[in-house]
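Peer 1: the following comprises the amino acid sequence and a computationally predicted model.
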Amino acid sequence: MLVNFTTVQNIFIVCGHTDMRCGIDGLASVVSDKYNLDLFHDATFLFCGRKKDRYKALYWNRDGFMLLYKRIENGNLQWPKDQDEVKRLTSQQLIWLLEGLAIQQPKAIKSAKIGCLY
């Protein structure tokens, strides 16, 4: 079964670099032990290596973990460098990241507050 990761409720990015030799168990232990986050509530966790040309996504799918691994052939990701930090992303930020853009777009149109006319 394929998962559209932009529709997942909780999207987290593990900043800095991760040892890309880690499999499901290693990445799950990083999330649960180091960052004390819950792996099982509609969440995707993204990890990147030193070269920033590959990433892994870890997702719990009701009966087991899914691990997506992608190597980008022509370019690099704009991965945040803050070591030992996990950031929550919106689906739009995830799309920007996976398209090679920074997750903070200074010229992007910001969402308006509901009920605010001016």
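Peer 2: In hand now; what should we look at?
Peer 1: angles on the backbone of Glu27, please.
Peer 2: Slight slip there: residue 27 is Leu, not Glu. Dihedral angles of Leu27 (phi, psi; degrees, to the nearest 10) stand at phi -70, psi -40.
Peer 1: the one 3 residues further on now?
Peer 2: The phi and psi values for Val30, taken as degrees, to the nearest 10, are phi -60, psi -50.
Peer 1: again, but for Gln78
Peer 2: phi -90, psi 70.
Peer 1: ok, it - contacts?
Peer 2: Gln78 sits next to Lys52, Leu97, Gly100, Leu101, Ala102, Ile103 when contact means Cβ atoms under 8 Å, 6 or more residues apart in numbering. In short, each C-beta sits where N, CA and C put it, glycine included.
Peer 1: repeat for Thr6
Peer 2: Neighbouring residues of Thr6 by Cβ under 8 Å, 6+ apart: Ser91, Leu94, Ile95.
Peer 1: what does Val8 give?
Peer 2: Asp42, Ala43, Thr44, Tyr59, Ser91.
Peer 1: swap the cut-off to 10 Å and go again
Peer 2: Val8 makes contacts with Asp42, Ala43, Thr44, Ala57, Tyr59, Ser91, Leu94, as judged by Cβ atoms under 10 Å, 6 or more residues apart in numbering.
Peer 1: got a list of contacts for the helix with the most length in the chain?
Peer 2: Counting residues, the longest helix found in the chain (DSSP state H) is helix 91-98. Residues outside helix 91-98 that contact it (Cβ under 10 Å, 6+ apart) are 4-9, 11, 13, 44, 46, 48, 55, 57, 70, 72, 77-80, 87, 89-90, 101-105, 108, 111.
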